[in-house]
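Pasting a predicted model and its sequence here:
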Amino acid sequence: MAGRLNGKIALISGGSTGMGGASSRLFAAEGAKVGVVDKNEEAGQAVVEEIRRAGGTAVFAKADVSRADEVNAAVDLVTRELGTVNVLFNHAGTIIIKDFLECTLEEWNWLFAVNVTSMFHMTKAVLPGMLKAGKGAIVCTSSISAVAATPREVLYNMSKGACHMFAQSIAVEYRDKGIRCNTVCPGFVATPHGLREVKELSALGVDMSEPAIAAQQGRLCEPEEVARAALFLASDEASFINGAHLFVDNCFTAV
């Protein structure tokens, strides 16, 4: 049975755990050769070994994606091992949860470096190869937080708003050169990151009880559900979808 990413070379930042890990496994199962880029070397090597045991092809490259030199080295490694990247999933990200007046400039700079500047570095590193080939698909992980602000998450909300515009801008600039760029926008997800977010927001007085989550989005999203949305956007099935935001939130942003 043909996979939806047969013949593709996919690079996934933050591809070791959670939604990123689910995407690494799914993209490989759908036929892609997968480069996993993450600073968590142990988890990254583990997901690569899991992919290989299942008959797929994957390599791990350790990098702090906020640093251009480490990103460039990681992309060079993946390109040498697998070939020129034609699918990029800009997934790596983190969060700061605290009252705005307690946030520091250092925290602002760090969060934007991981959530936004990383997309600049990763995209700049792989885009020349895509342009030379005349085709490429880029998916960026944004969030419901780009359009629906959550209290105690001002820095995070702002960073995801930037992710939205980054993807749209890349799409508009490079559409006529065969490049597609879209975002996948999860709601609250049952990953270590997502569960920590729920716990820390609750501790700061935000209602994150099961009834509250049920009212907002029915239940917590599973990481595999986000991975399947990213897979669609990365595949040729989404050939006429460009500059779009795909919300994986079960109506959170629809009400």
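Now that the structure is in, tell me what you want to look at. Numbers count the residues shown, from 1 in each chain.

pLDDT (mean, whole number) over the longest strand seen in the chain?
Longest among the strand segments of the chain by residue count, using DSSP state E, is strand 179-186. Per-region confidence: strand 179-186 scores 98 on mean pLDDT.

got a list of contacts for that strand?
19, 127, 130-131, 135-144, 146-147, 163-164, 167-168, 170-171, 174, 221, 226, 229-230, 233, 238-239, 241-249, 253 (CB atoms under 8 Å, 6 or more residues apart in numbering). Just so you know, the C-beta spots here come from the backbone N, C-alpha and C atoms, and that holds for glycine as well.

Of the residues you listed, grab the buried ones for ChimeraX.
Buried members of those, defined by 16 or more other CB atoms under 10 Å, are picked up in ChimeraX with:
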select :19,127,130,136,137,138,139,140,141,142,143,144,146,147,163,164,167,168,170,171,174,221,226,229,230,233,238,242,244,245,246,247,248,249,253
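
So what are the sheet partners of the longest strand of the chain and their directions?
strand 136-141 (parallel), strand 245-248 (parallel) (DSSP bridges).

burial of Ser169, as a residue count?
Counted with other CB atoms under 10 Å, the neighbours of Ser169 add up to 12.

Could you grab the helix/strand/coil label for it?
Judged by DSSP: H, G, I helix; E, B strand; the rest coil, the three-state class of Ser169 is helix.

cool, and Ala61?
Applying three-state DSSP: Ala61 is strand.

ok, it touching Ala74?
Yes - look at Ala61 against Ala74 with CB atoms under 8 Å: they come within range, at 3.6 Å.

Would you map the strands across the stretch 51-200 of the chain?
Taking DSSP state E, counting those that start in this stretch as the test, the strands found in the stretch 51-200 of the chain are 57-62, 87-90, 136-141, 179-186.

got the contact list for Val85?
For Val85, the contacting residues are Ile9, Ala10, Leu11, Gly35, Val75, Val78, Thr79, Val126, Gly129, Met130, Gly136, by CB under 8 Å, 6+ apart.

Flag the shaky bits of the protein, pLDDT-wise.
The chain contains residues with pLDDT under 70 at 1.

next one: phi and psi at the residue nearest the centre of it?
The centre of the chain sits closest to His91, judged by CA atoms, centre = their mean, with a distance of 1.8 Å. Backbone geometry at His91, expressed as degrees, to the nearest 10, gives phi -110, psi -30.

Name whatever forms a beta bridge with Leu245.
Heads up, residue 245 is His, not Leu. Applying DSSP bridges, one finds that His245 bridges with Thr183.

thinking it is in contact with Thr141, fair?
No - His245 is not in contact with Thr141 according to CB under 8 Å; the separation is 11.1 Å.

Tell me which stretches of this structure form helices.
18-29, 41-53, 68-82, 105-112, 118-133, 154-174, 192-203, 210-217, 223-234 (DSSP state H).

could the ones you listed be laid out in CSV, adding distance to Ile96?
CSV is the format used below for the helices of the chain (distance: least, CB to CB, whole Å):
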stretch, distance to Ile96
helix 18-29, 17
helix 41-53, 22
helix 68-82, 22
helix 105-112, 5
helix 118-133, 15
helix 154-174, 5
helix 192-203, 10
helix 210-217, 21
helix 223-234, 21
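
Can you show me the CA trace of stretch 179-192 as PDB?
Extracted in PDB, the C-alpha atoms of stretch 179-192 (Å, rounded to 0.1, in the frame of the first residue of the first chain):
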ATOM      1  CA  ILE A 179       6.400  26.000  -2.000                       C
ATOM      2  CA  ARG A 180       3.400  25.500   0.400                       C
ATOM      3  CA  CYS A 181       3.500  26.600   4.000                       C
ATOM      4  CA  ASN A 182       0.600  26.100   6.400                       C
ATOM      5  CA  THR A 183       0.100  25.900  10.200                       C
ATOM      6  CA  VAL A 184      -1.500  23.200  12.300                       C
ATOM      7  CA  CYS A 185      -3.100  24.700  15.400                       C
ATOM      8  CA  PRO A 186      -3.800  22.300  18.300                       C
ATOM      9  CA  GLY A 187      -6.000  22.900  21.300                       C
ATOM     10  CA  PHE A 188      -5.000  21.400  24.600                       C
ATOM     11  CA  VAL A 189      -3.200  18.100  24.000                       C
ATOM     12  CA  ALA A 190      -2.600  15.100  26.200                       C
ATOM     13  CA  THR A 191       1.200  15.300  26.100                       C
ATOM     14  CA  PRO A 192       3.700  16.100  28.900                       C
END
